[in-house]
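Asker: Sequence first, then the predicted structure:
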Amino acid sequence: MAADGTVAADGFAPRLLRWFDASGRHDLPWQHPRSPYRVWVSEIMLQQTQVRVVVPYFERWMQALPTLRDLAAAEPDAVIALWAGLGYYARARNLHKAAQLCMERHGGELPRDIEALAALPGIGRSTAGAILAQAHGLRHAILDGNVKRTLARFHGVRGWPGTRAVELELWRLAEGHLPQARMADYTQAIMDFGATLCTRQNPACVLCPLQDDCVARREGLVAELPTPKPGKALPQRGTLMLVVLDGAGRLLLRRRPPSGVWAGMWSLPEAEDADAAHALLARHAEVDFDAVETLPTIEHGFSHYRLRITPLLWRNARPLEQRIAEDADARWAAADARAAIGFPAPVRRLLDGLDRTA
DNA sequence: AAGCCGGGGCC
DNA sequence: GGCCCAGGCTT
């Protein structure tokens, strides 16, 4: 690294770009065309989600909402339905909100100013940099998981990147490597490099264009870097999910609370115990509570806790239509209507299993 | 700094 | 079964 703190002279970016030209990914759907809106949606989908998973969601999204204006005008439930299965649903709500803010404040386009861009909901420093670099070729760094891993190894940076000091060091290094040209390709290159060559496990060091100058390679630390997050045991929680069908096969649904897990999404009614289940059921239908059928429990893991779902099934319930009419957060949905609703993944699995056995 | 927020891939 | 991932927001 040069005395002024820059590291461009070491050939990091040129070697990465040569590798990208030969071995990078050039056929991802958001690269053709590489418009600001498409890059933005792809970057949000790719937060904590791998390329292979994102591609079909991205294609479906662009079919339904091809422009920022279309997104801004869409119904919230339609946006969630396009997202259902991807997880982190705040990303979808933030996309929607940000599109509307762009219509109001930025003439219907994403701002080119990084401060204004990062001020939009769901767009932080790294995602703002990725959008500006890829959509406009502007000289901004990114620091996602791939870049953190690559830089931690190349420079031998120790310590978990979740700590402030390590993260600041990695940002400094990332900015020091930026090339003067080809910013869009460079940004795609360093992400591809981390995703396909400098992988977390079994990185292809023998093929690496940076191996001669890689500190981790030289010091035998490749498997130790980046330093993993200190571990902790996940708490276990449980819930009852009520599967209530009326004589016509319609299913009782309730909207989730506006905050917390699966916020605002349609799901099955939930209760903590049998008494609460009974009370909840009585508010929506006449049904023989003792005629309950048990379904297999479903285990669902979150990043911060584990959830054991116990489904309870009643058939031939008689809906209390008056109560439903008064309750905007409850509905009886027929099978064909259910298909178009975006359910949380374990609920979708449960309902699909129900349809197969019913 | 730590917790919250999903889901899936992978060993 | 545990860990991690093309992060950002809230407290």
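Answerer: Sure, I can see it.
Asker: Can you tell me how far A:P226 is from DNA strand B?
Answerer: A:P226 is 15 Å from DNA strand B, where distance means Cβ to the nearest atom of the strand, to the nearest Å. Quick note: C-beta positions are derived from backbone N, CA and C, even for glycine.
Asker: That residue and A:R149: what is the separation?
Answerer: For A:P226, the distance to A:R149 (Cβ to Cβ, to the nearest Å) stands at 5 Å.
Asker: Next: A:D288.
Answerer: Distance of A:D288 to A:R149, given as Cβ to Cβ: 57 Å.
Asker: Compare the two (neighbour count), which wins?
Answerer: Counted by other Cβ atoms under 10 Å, A:D288 and A:R149 do not tie: A:R149 has more neighbours, with 22 against 10.
Asker: Flag the shaky bits of the stretch 251-358 of chain A, pLDDT-wise.
Answerer: A:358 (pLDDT under 70).
Asker: Ok, the stretch 51-200 of chain A next?
Answerer: Applying pLDDT under 70 to the stretch 51-200 of chain A picks out no residues at all.
Asker: Residues of the stretch 101-250 of chain A that sit close to DNA strand C?
Answerer: Within the stretch 101-250 of chain A, the positions adjacent to DNA strand C are A:118, A:120-128, A:144-146, A:149, A:188, A:191-192, A:194-195, A:200, A:226, A:228-229, A:231 by Cβ under 7 Å from any atom of the strand.
Asker: Can you tell me the number of residues neighbouring the residue in the stretch 151-300 of chain A that DNA strand B sits nearest to?
Answerer: Going by Cβ to the nearest atom of the strand, DNA strand B is nearest to A:R164 of the stretch 151-300 of chain A, at 2.3 Å. A:R164 is flanked by 8 other residues according to other Cβ under 10 Å.
Asker: For A:L117, give me the backbone phi and psi.
Answerer: Note on A:L117: its backbone torsions stand at phi -70, psi -50 [degrees, to the nearest 10].
Asker: now the one 3 residues further on
Answerer: Backbone torsions of A:L120, given as degrees, to the nearest 10, read phi -70, psi 150.
Asker: Report the backbone C-alpha coordinates of the longest helix seen in chain A in PDB.
Answerer: Longest helix in chain A by number of residues (criterion: DSSP state H): helix A:90-105. C-alpha atoms of helix A:90-105 as PDB (Å, rounded to 0.1, in the frame of the first residue of the first chain):
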ATOM      1  CA  ALA A  90     -39.300  -5.200   5.300                       C
ATOM      2  CA  ARG A  91     -37.100  -5.100   2.200                       C
ATOM      3  CA  ALA A  92     -40.300  -5.200   0.100                       C
ATOM      4  CA  ARG A  93     -42.100  -2.600   2.100                       C
ATOM      5  CA  ASN A  94     -39.000  -0.400   1.900                       C
ATOM      6  CA  LEU A  95     -38.800  -0.800  -1.800                       C
ATOM      7  CA  HIS A  96     -42.400   0.200  -2.200                       C
ATOM      8  CA  LYS A  97     -42.000   3.200   0.100                       C
ATOM      9  CA  ALA A  98     -38.800   4.300  -1.500                       C
ATOM     10  CA  ALA A  99     -40.400   4.200  -5.000                       C
ATOM     11  CA  GLN A 100     -43.200   6.400  -3.800                       C
ATOM     12  CA  LEU A 101     -40.600   8.800  -2.200                       C
ATOM     13  CA  CYS A 102     -38.800   8.900  -5.600                       C
ATOM     14  CA  MET A 103     -42.000   9.900  -7.300                       C
ATOM     15  CA  GLU A 104     -42.600  12.700  -4.800                       C
ATOM     16  CA  ARG A 105     -39.100  14.100  -4.300                       C
END
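Asker: Quick one: distance of that helix to the chain centre.
Answerer: Chain-centre distance of helix A:90-105: 16 Å, with Cα atoms, centre = their mean, to the nearest Å.
Asker: same deal with stretch A:274-287?
Answerer: Counting by Cα atoms, centre = their mean, stretch A:274-287 is centred 35 Å from the centre of its parent chain.
Asker: swap in stretch A:144-152?
Answerer: Counting by Cα atoms, centre = their mean, stretch A:144-152 comes out at 18 Å from the chain centroid.
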